[in-house]
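Asker: what's the 3D shape of this:
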Amino acid sequence: MANPQRSAARPARRGKILAVSLIAILAAGGLSFLGARAAADFLEDSASRKLGTALAPYDWVRVRTDGLRVHLNGTAPDEVQRYRVLAQAEAVVDAARIVDDIQITAQQTQQPPDFEVELLRNDDGISIIGLVPADLDRKAMVDALKRQTGGSSVSDLLETADYPVPKGWQDAFALGLRAAQLAPHAKISVRAGEVTVRAITDSPAEKLSLETALNRARPKGVELMADVTAPRPLIAPFTLRFVKDVAGARFDACAADTDAARARILAKGRDAGVSDAAQCQLGLGVPSPKWADAAVAGIAAIETLGVGSVTLSDTDIALFAPAEVEAARFDEVVGRLEGALPPVFKLTAEHESARDRDAGPVEFSAVVDGGGVSLRGRIADERMRGVVESLARSRFGEVDSSLRIDDKAPEGWTLRAIAGLEAMQGLSRGMVTVTPALIKITGVSGNQTASDTTAARLSQQLGPGARYELAIRYDRRLDPLLGLPSGVECVDQLNATMRESEIGFEPNKSVIAGDPGPTLARLAETMKNCADFRIEAGGHTDAQGSEAFNAELSRRRAQAVVEAMTAAGIDTRYLTAKGYGESQPVSDNDTDAGREANRRIEFTLLADDPVMAEVPRPAELVKGVTDSPEILAGKVQAVATGAATGALMPAVGDLIEAQASGTEGANLAAIAAATRPALGAIGRDPVLRALADPTTPEGAAARAGTRPAQTGVGIVPDLPGAIIPAITPMSPPDVAGELRPPPRPTAGDAAGNASENASGDAP
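Answerer: Numbering: from 1, shown residues only. Predicted structure coming up:
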């Protein structure tokens, strides 16, 4: 039978065991919880610290940890910033633990991109790179570039964007395409309202031509930045010619290889009497780095002699001194020059003798103008005449020849004639006279370096010792690189301005209504290159009112426009005003539109040629070549005392100088007859006719041996300006200027002014 006490103790012991077990379990659970909580806190703190360090650059983001989870909060400026924060966070903690609560700032209306294009052109073709509007017809653009550049390959590397086109983009892009057509080697950058061109050309002439073309093509409102460079021209032969005579010192040709060499040469030239305006061309092809040393030594030699010329053609140097230079002085100067020249240079010196003066009657002359060439004088034989005429025809077109065969022509005569013709190339009009002693070329050219080119041609064909004289004047209106407008083009531009933004007037008055400033600004831009043309501003009215009132009103309105242009700073010296009233309608007077069209200011060209503001002085010969020492001494003394200038033309200048030198009984008619052939070839000979005709005041004075009337500086014939021939020997640009007589109106001008004043229509 069981023990009742033992049976009662067993449940009590089980209860204690259960209690202890429960306490142990609870303790273990508590410890586990605390351990887990501590571990979680450690992980949270560690993640928070690491993320705080990694995301420190992003001050807008906030990090919050929740156990193993990491909450990222804040407002990102854009999607890119949000992505960068997430990438940085995932590098620190597992991506599965990151909760992305980042917001993005509301975006403003997106701005259109900057449309930019670069065009690269070289010998391989054209490449176009950049961003353009989506509506651009790229195929048409490529086809046009190929067509306009002679079939060059075009690589289209453009991207497009469908955004509004910014202001100024279309005009700038059009200019960029035009620049790519004009410049064969260039980089063109295009932005809205702005074009930058960096180009390389083959010569200074092409550089100027490209710059002029780009400026002409530039639309209004587009900024153009052109950086155009050109290599120095190749000069062959490398030539310098320095002359000093009674007219002063000058460079007929001047070339230098460096800026320093040019500065030395010009400085020495100024010491010898050359004008400060003298120019010296920089170029390639110098035969020796000692070129400047040789040039300076040669100029110094002529300065010491006081008269003569020195020509450097590559390494050959030719020095010429006229007969009046003493032999001992000539020998001394030549000896010093030989010692001063660098070793590579070879000197040839010539001292004129008395027997050299009379070189015989043989002469050849050619006159070139826009219609061809006229040949006069002597030639060796029939075969040589055919050669010269064929050459003239190939160079100048139509030939008017009256050459005579002369079997007594000196040896090498045809070569001299051909050299003279060849040297005339590049002159718009001019004259060459060839004698056994001298080749003389006078004329006008639109090339600023025409004198240098002519001297180089003569030296190349005849050698540096050839004796020649050049008097070539630069005329900017003939320069094709400047592209100056003709008189007709000037008037067309003025009338186009008046049609587009006509100046208005108050009803029945000559008072300008509104602001004429914009119109005057456009007129001023045109008149910059047109002020030397004779132009009429004609006023016109409709048919309302009386004819007399309309005529006077139109005249006063035209005059008001001229006065407004003058007040705006426009040169209106040759601009006249005239009123035509209702006499020249361009539309009917029955409608408002027709009457408005008839009320206008219209410009008309009065003369095709521009007004010559001043008469260039003819070039002086190298004295001593054709005159005796006695006459030369008299001329030098006359010039020194201001008694003679020869300021209008060779024939008159010779007459004046002959009188001023004190030559008794000068046969003026003989001098006139001797100079008649040259001027007769030009077709302008009224001076000689007046001098030879005893019934004229000039002729009577010539026969009586009296001096012409004195006007201006020195002795200048008091003859009307209309008698000046179309082609007159002139001083080079660097010596002309000081002794020119003031311009006088022609007889035609006087008659025209008198007529206008009588009609009451003159301004």
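Asker: measure Val80 to Thr497 for me?
Answerer: With distances taken as C-beta to C-beta, to the nearest Å, Val80 is found 54 Å from Thr497. Every C-beta, even on glycine, is put in place using the N, C-alpha and C of the backbone.
Asker: neighbour-wise, which of these two wins?
Answerer: Each of Val80 and Thr497 has its neighbours counted (other C-beta atoms under 10 Å); Thr497 has more, 21 against 9.
Asker: wait, is the more buried one part of a strand?
Answerer: No - counting by DSSP: H, G, I helix; E, B strand; the rest coil, Thr497 is not part of a strand but helix.
Asker: my guess is Val561 is in a helix, correct?
Answerer: Yes - under three-state DSSP, Val561 falls within a helix.
Asker: check which helix or strand Arg49 maps to.
Answerer: helix 4-54 (DSSP states H and E).
Asker: who does the helix or strand following that helix touch, helix- and strand-wise?
Answerer: Where DSSP H and E defines the elements, the next helix or strand beyond helix 4-54 is strand 61-66. With contacts taken as 3 or more C-beta pairs under 8 Å, 6 or more residues apart in numbering; DSSP states H and E, strand 61-66 sits against helix 4-54, strand 69-76.
Asker: please name the residues that touch Ile441.
Answerer: By C-beta atoms under 8 Å, 6 or more residues apart in numbering, Ile441 lies in contact with 420, 423-424, 427, 430-433, 454, 468-472.
Asker: same deal with Ala230?
Answerer: Counting by C-beta under 8 Å, 6+ apart, Ala230 makes contact with 200-204, 206-207.
Asker: which one is Met431 nearest to, not counting chain neighbours?
Answerer: Val367 (4.9 Å; C-beta to C-beta, 6 or more residues apart in numbering).
Asker: give the buried residues for the one helix or strand that neighbour maps to.
Answerer: Per DSSP H and E, Val367 falls inside strand 364-369. Across strand 364-369, burial judged by 16 or more other C-beta atoms under 10 Å covers 364-369.
Asker: with stretch 465-479 instead?
Answerer: Buried residues in stretch 465-479 (16+ other C-beta under 10 Å): 465-475, 478-479.
Asker: cool, stretch 526-539 as well?
Answerer: Buried residues in stretch 526-539, defined by neighbour count with 16+ other C-beta under 10 Å: 526-527, 529-539.
Asker: also stretch 319-331?
Answerer: Buried residues in stretch 319-331 (16+ other C-beta under 10 Å): 319-325, 330.
Asker: mind checking what secondary structure the closest residue to Ala256 other than its chain neighbours has?
Answerer: By the measure of C-beta to C-beta, 6+ apart, the closest residue to Ala256 outside its immediate chain neighbours is Arg262, 3.8 Å from it. At Arg262 the chain is in helix, as set by three-state DSSP.
Asker: what do you get for Ile299?
Answerer: helix.
Asker: residues in contact with it?
Answerer: 242, 265, 268-269, 272, 310.
Asker: can you check Leu341 too?
Answerer: With C-beta under 8 Å, 6+ apart, Leu341 has these contacts: 293-294, 297, 317, 347.
Asker: apply 7 Å and report the result again.
Answerer: Contact analysis of Leu341 by C-beta atoms under 7 Å, 6 or more residues apart in numbering lists 294, 297, 317, 347.
Asker: and the pLDDT at it?
Answerer: Here, the pLDDT recorded for Leu341 equals 94.
Asker: can you check Thr229 too?
Answerer: What the model reports for Thr229 is a pLDDT of 88.
Asker: close enough to count as contact, it and Arg198?
Answerer: No - judged on C-beta atoms under 7 Å, Thr229 makes no contact with Arg198 at a distance of 8.4 Å.
Asker: out of the two, which sits in the busier spot?
Answerer: Arg198 (15 against 11).
Asker: give me the contacts around whatever helix or strand the more buried one lives in.
Answerer: Assigned by DSSP H and E, Arg198 falls within strand 194-200. Contacts with strand 194-200, where a contact means C-beta under 7 Å, 6+ apart, come from 172, 175-176, 179, 183, 185-189, 210, 214, 222-229.
Asker: so what touches the helix or strand that that strand is followed by?
Answerer: Sequence order places helix 204-217 as the next helix or strand after strand 194-200, per DSSP H and E. With contacts defined as C-beta under 7 Å, 6+ apart, helix 204-217 is touched by 175, 178-179, 182-183, 197, 199, 201, 224, 226, 228, 230, 233, 481-483.
Asker: can you tell me which of these is closest to Gln584?
Answerer: Gly483 (32.2 Å; C-beta to C-beta).
Asker: tell me how far the closest one lies from Met424.
Answerer: Going from Gly483 to Met424 by C-beta to C-beta gives 24 Å.
Asker: and these two? which has more neighbours close in?
Answerer: It is Met424, of Gly483 and Met424, that has more neighbours when counted by other C-beta under 10 Å, with 25 against 11.
Asker: check the gap between the more buried one and Tyr468 for me.
Answerer: On the measure of C-beta to C-beta, Met424 and Tyr468 end up 12 Å apart.
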